[in-house]
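In: Sequence and predicted structure are below.
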Amino acid sequence: MRHIISLLMENEAGALSRVAGLFSARGYNIESLTVAPTEDPSLSRMTIVTRGSDVVIEQITKQLNKLVDIVKLADITEGKHIERELMLIKVRVADKELRAELKRLTDIFGGRIVDVSESTYIVELTGSGDKHDAFIAAIDPAAIIETVRSGSTGIARGEKSLQIN
Amino acid sequence: MQLSGAEIIVQFLKDEGVEYVFGYPGGSVLHIYDALFQQEAVRHILVRHEQGATHAADGYARSTGKPGVVMVTSGPGATNAITGIATAYMDSIPMVVITGQVPTAYIGSDAFQEVDAVGISRPCVKHNFLVKDVKDLAMTLKKAFYIATTGRPGPVVVDVPKNVTDPKIKIPYDYPATVSMRSYNPTVKGHPGQIKRAVDLLLGAKRPMIYSGGGVILSGAHAELTQMTRELGYPITNTLMGLGAYPATDKQFIGMLGMHGTYEANMAMHDCDVLFAVGARFDDRVTGDTKLFCPHAKIIHIDIDPASISKTVRVDLPIVGDVKHVLDDMYKEIKASKRKPDAAALQAWWKQIGEWQSKDCLRFDRNSPLIKPQGVIEKLYEVTGGDAYVTSDVGQHQMWAAQFYKFDKPLRWINSGGLGTMGFGLPAALGVQLAHPDATVACVTGEASIQMCIQELSTAMQYNLPVKIVNLNNRYMGMVRQWQEFFYESRYSQSYVEALPDFVKLAESYGHVGMRIDKPGDVEAALKEAFALKDRLVFMDFITDQKENVYPMIAAGKAHNQMHLPSERELA
Ligand SMILES: Cc1cc2nc3c(=O)[nH]c(=O)nc-3n(C[C@H](O)[C@H](O)[C@H](O)COP(=O)(O)OP(=O)(O)OC[C@H]3O[C@@H](n4cnc5c(N)ncnc54)[C@H](O)[C@@H]3O)c2cc1C
Ligand SMILES: Cc1ncc(C[n+]2csc(CCOP(=O)(O)OP(=O)(O)O)c2C)c(N)n1
Ligand SMILES: [Mg+2]
């Protein structure tokens, strides 16, 4: 099963490598990992997307919790949550027709064209990974010059939150 | 107090109550060594190899329950210490290792004797720190000791760049008496509901089994474990790391379990209906095939580390907390309960266990013209009155020491279980002897293991540490040879050690006493003579039966009821 684990950790040098090292040393999968400071600069928020059986996921959360730098952790896939990923994709649009088609597709997917050159467009999309996959599938692979995806971040819906108190 | 970084380290160690630092100097720790030189409260023990420093500190820690402290220089000093740090990590031993580092301005430039000590040690420490500012030094050291000694203990590395210890830069110092960390709060008390349920399950058992491990020793909970086990009247087994947590000479103790555990302990594991795991971590040497592990049992597990629970074997009733607290609460609950253990069921269970015990699974040929290693340990037990601190290396000799020396007290059996580090025994014995100057300390070793840290014989001389080395010299890496005999049709690939030194002369050249014993009839007298030499290190080189095997044995990945016992041929 796919799980999204959110964690708050001390914004210390080396904290990220402890998490990454844990995953490689214990043979856990990382689908994606994102990290950035929070409104409290002493804390970073990390989102890890991983896959594994229930037993493996249980070990992953326990082992993460055991890291001294980690303050709090939640598996947000256990409840209702919002997941978002940013994708930037650079596409070759040689002629008018292709340009119009890409513009249409971008609108359908709720994206934006954020850069235009003579022969290329850059499209910005936010949403779930599935949506991005669908977008990629909808365009000619030969036209794709570059894609960059941020990896997923997520947050629980409603009153639930990951906070230190 | 205005102190330099170097002086802060030394003053801090003193304030923290550290008696000994085990170490080896070098460029990046010279300021600290200069500060050490100018005081007497903290004693530095100069080893001969940094691995020796870590094992000696480890032995000190295992035999006292206090953290071991190590100091090494950057680069090769730090890398040499890694094996000992990993050894402590695997067995959850509290240790603080201060490594020198190149000056902060040089970090990352491949400077002379630079290694990324924090990076290299990360997978085998509980936590580590790089101190970049002298202002953070005292608090970081405090955190290091706090983390190393609380919760599930473990080694902590503090990497200190040379400029942070600069004698010219002085700052105010106050001993940080307390520390709190929002990200680190180990659970101590067990959940009351879980404790009630556990007691219920335990009292309802028909074929109960108590399986206790190193966590009981680390927690100092041997008295609580003993009290509760006696109250219940249930059989108890210990892991290799748990020996001494329950008195081995007590009738409820049915021996060690696992790969080289007793027949009765392993059979009882297989047939029990309630398993009570106390501070043990279901290691593969213990469980064998996890799918066939305790197939009939409901499992209760107390552990301070949630990650130990249901890691390799699913448990039915977990209790996260410190064994000492949890056992105390459980005992009160048992006393208060109207239920009593099922006497009739227990009687039948003990009868069954008695039948297994009658197999006499640890028997060996007592009439052999060769020295039997088991016999040496039996005599060692007798001669030392069962009251020695026994350290060991890794191999067959380790298993025989575990099987035949009956530990009645905790903190007495000092060995590398999780990492299985050859070379551990001698330096660990030095740490133990320093911690207990008047105690009898024996190091049970093999001719291969002892050579991995043999240089520490020199340290023993320098500090007059009269440990007694019991070398079970079978001229083989016996444990490797045994696997090759069983699983590789006796192809003894590289397990025969040629060109062994003359250990008697070797010991003598370091200034110690050496003895060579090659007749079974001489074993007891030699031990008596050696242990009578109270103030000398004695190296006893016992020339033992080359082909003796450790029994019982469960092959890796097999179940508890699939044990090899010694054949009649081997007993003849
Ligand atoms: C050659 C060789 C052969 C071996 N054969 C065997 C064998 O036959 N049988 C055997 O048993 N072992 C054997 N071992 C050792 C084995 O590899 C493991 O080291 C050992 O089984 C682990 O012991 P343990 O489960 O007691 O755990 P330990 O490593 O001692 O771990 C302690 C556990 O207790 C927990 N804990 C720590 N402090 C506390 C506290 N205060 N409160 C609560 N919980 C706490 C920890 O979180 C951990 O889970 C062998 C090793 C070697 C080298
Ligand atoms: C550092 C290290 N290298 C290799 C091993 C693998 N190993 C385990 S036991 C053993 C043989 C030990 O021989 P010896 O010390 O003579 O003990 P014996 O088994 O003969 O009693 C070896 C090589 C190890 N445990 N540690
Ligand atoms: Mg040998």
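Out: In hand now; what should we look at? Ligands and ions are numbered 1, 2, ... in the order given.
In: where does chain A have low pLDDT?
Out: Across chain A, nothing is flagged by pLDDT under 70.
In: mind checking how far B:V376 is from chain A?
Out: 40 Å (C-beta to the nearest C-beta, to the nearest Å). Every residue, glycine included, has its C-beta placed from N, CA and C.
In: quick one: that residue and B:N474 touch, right?
Out: No - using C-beta atoms under 8 Å, B:V376 makes no contact with B:N474, being 11.1 Å away.
In: shared neighbours of the two, which are they?
Out: B:T544 (C-beta atoms under 8 Å, 6 or more residues apart in numbering or on different chains).
In: so, in contact with chain A or not, stretch B:169-185?
Out: Yes - using C-beta under 8 Å from any C-beta of the partner chain, stretch B:169-185 comes into contact with chain A via B:181-184.
In: So what would you say the end-to-end distance of that stretch is?
Out: Here the two ends of stretch B:169-185 are set 34 Å apart, with distance taken as C-alpha to C-alpha, to the nearest Å.
In: which residue is nearest the centroid of chain B?
Out: Nearest to the mean C-alpha position of chain B, by C-alpha atoms, centre = their mean, lies B:N415 at 4.0 Å.
In: ok now do that residue, which residues does it touch?
Out: B:240, B:391-394, B:398, B:401-402, B:424-425.
In: where does it land on pLDDT?
Out: Looking at B:N415, its pLDDT reads 98.
In: Can you pull the phi and psi angles for the closest residue to ligand 2 within the stretch 151-300 of chain B?
Out: Residue nearest to ligand 2 within the stretch 151-300 of chain B (C-beta to the nearest ligand atom): B:H260, separated by 11.7 Å. Backbone torsions of B:H260, given as degrees, to the nearest 10, read phi -120, psi 30.
In: That one contacts B:V550, doesn't it?
Out: Yes - using C-beta under 8 Å, B:H260 makes contact with B:V550 at a distance of 5.3 Å.
In: And the residues of stretch B:169-185 next to chain A, which two are furthest apart?
Out: B:R182 and B:Y184 (7.8 Å; C-beta to C-beta).
In: which one of those two has more residues nearby?
Out: Using other C-beta atoms under 10 Å in any protein chain shown, the more surrounded residue of B:R182 and B:Y184 is B:Y184, with 21 against 13.
In: The more buried one against A:L67, yeah?
Out: No - with contact defined as C-beta under 8 Å, B:Y184 and A:L67 do not form a contacting pair (9.4 Å).
In: residue contacts, the residue of chain B most remote from its centre?
Out: Distance from the C-alpha centroid of chain B peaks at B:K168, with 41.5 Å (C-alpha atoms, centre = their mean). Counting by C-beta under 8 Å, 6+ apart, B:K168 makes contact with B:S4.
In: how near is it to B:N128?
Out: With distances taken as C-beta to C-beta, to the nearest Å, B:K168 is found 27 Å from B:N128.
In: which residues do B:H260 and B:V550 both contact?
Out: With C-beta under 8 Å, 6+ apart as the test, B:H260 and B:V550 both reach B:399, B:403.
In: Low-confidence bits of chain B, can you list those?
Out: For chain B (pLDDT under 70), the answer is B:568-572.
In: Would you mind listing what in it touches chain A?
Out: So chain B meets chain A at B:118-119, B:122-123, B:126-127, B:130, B:147, B:181-184, B:305-307, B:309-311, B:314 (C-beta under 8 Å from any C-beta).
In: Among these, name the ones in strands.
Out: Using DSSP state E, the subset of the residues of chain B next to chain A located in strands is B:127, B:130.
In: Pull out the buried members of the residues of chain B next to chain A.
Out: B:118, B:122, B:126-127, B:130, B:147, B:183-184, B:305-307, B:309-311 (16 or more other C-beta atoms under 10 Å in any protein chain shown).
In: Show me which of those residues is closest to B:K14.
Out: B:I147 (20.1 Å).
In: residues touching that closest one, list them.
Out: Going by C-beta under 8 Å, 6+ apart, the list of residues near B:I147 reads A:68, B:126-127, B:154, B:156, B:184.
In: Dump the residues you listed into TSV; add distance to ligand 1 as well.
Out: Shown next, in TSV, are these (distance: C-beta to the nearest ligand atom, whole Å):
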residue	distance to ligand 1
A:V68	15
B:K126	11
B:H127	15
B:G154	9
B:V156	16
B:Y184	15
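In: Counting by contacts, list what the helix or strand hosting A:I48 packs against.
Out: Applying DSSP states H and E as the criterion places A:I48 in strand A:43-51. Using 3 or more C-beta pairs under 8 Å, 6 or more residues apart in numbering or on different chains; DSSP states H and E, the elements in contact with strand A:43-51 are strand A:2-10, helix A:15-25, strand A:32-37.
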